[in-house]
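Student: generate a structure from the sequence data that follows.
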Amino acid sequence: MNELRYTLLSDGSSDRALIPLLTWLLQEKGISSAIQGQWADLRRLTDPPKRLSERISSSVYLYPCDLLFIHRDAEKESLEKRVAEIRHALAAAKQGEQMPRAVCVVPVRMQEAWLLFDEQAIRHAAGNPQGKEPLNLPHISTVESHADPKEALYSALRTVSGLQGRRLRSFKMSIAVQRVAERIDDFSPLRQLSAFRHLEHELAAIVDQYGWNDVVS
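Tutor: So this is what the prediction gives:
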């Protein structure tokens with residue numbers, strides 16, 4: 001194996017921001033071969049599937065991979081309930097076809113909470129790396145209980161951009177969020193969060209089980 005391919009099936013297109021984080025985690029787990037991550041874009045289908053089990057099957061068919069990451073934000077539900085929902089859907093999908101190894105990705109409350117810890121990445125993503133505006137970011141230990149992590153990130157990006165009026169209204173927030181993730185070199189501070197630890201432990205078990213950390217590129 002000269003390359004490990006993974007597919008991310010997520011709630012929405014903005015969740016592609018998880019790809020730099022997932023690649024970093026795989027490298028942390030000792031994957032030394034090339035890593036190729038892709039987002040399962042099911043929007044282009046004539047009749048996009050609605051049920052999670054059907055979305056899983058479509059993702060595996062259209063985006064073949066060695067490892068499937070299945071993302072769902074916890075939102076108002078518990079981590080345990082979301083993981084159970086994913087595993088139930090995965091079991092239903094497996095009845096129809098062969099499935100790759102799968103890992104649950106369930107941020108509490110939403111994936112933006114995992115991007116709120118790196119102030120400099122946010123400043124770079126907003127195009128103002130030298131900005132001095134206070135961002136008032138929540139402490140990383142509190143982001144899982146924050147009422148609206150998405151708005152907290154969006155607000156920080158708007159503030160640090162320094163834009164106003166029409167220029168602010170034309171600011172591409174989805175692109176900026178992706179850039180935040182791409183600018184983060186070290187996601188280890190997220191190990192303070194229970195949901196991130198759950199993801200890392202589940203991934204480590206699969207990597208060890210299949211000996212992927214022994215692969216040399």
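
Student: list the helices and strands the worst-scoring helix or strand of the chain on mean pLDDT packs on?
Tutor: The least trusted helix or strand in the chain, going by mean pLDDT, DSSP states H and E, turns out to be helix 165-169, with a mean of 87. Here helix 165-169 touches no other helix or strand, going by 3 or more Cβ pairs under 8 Å, 6 or more residues apart in numbering; DSSP states H and E. Glycine gets a C-beta too; all of them are placed from N, C-alpha and C.

Student: so how far is the next helix-or-strand element following that helix from its chain's centroid?
Tutor: The first helix or strand that comes after helix 165-169 along the chain, using DSSP states H and E, is helix 173-183. Relative to its chain's centre, helix 173-183 lies at 12 Å (Cα atoms, centre = their mean, to the nearest Å).

Student: tell me the mean pLDDT for helix 173-183?
Tutor: If you average the pLDDT over helix 173-183, you get 95.

Student: buried set for it?
Tutor: 176-181, 183 (16 or more other Cβ atoms under 10 Å).

Student: shouldn't R72 be in contact with R109?
Tutor: No - with contact defined as Cβ atoms under 8 Å, R72 does not reach R109; the gap is 11.4 Å.

Student: and these two? Which one has more around it.
Tutor: Per other Cβ atoms under 10 Å, whichever of R72 and R109 has more neighbours is R72, with 23 against 20.

Student: how about the more buried one, nearest residue that isn't a chain neighbour?
Tutor: Leaving out its chain neighbours, the residue that sits closest to R72 by Cβ to Cβ, 6 or more residues apart in numbering is R82, at 5.1 Å.
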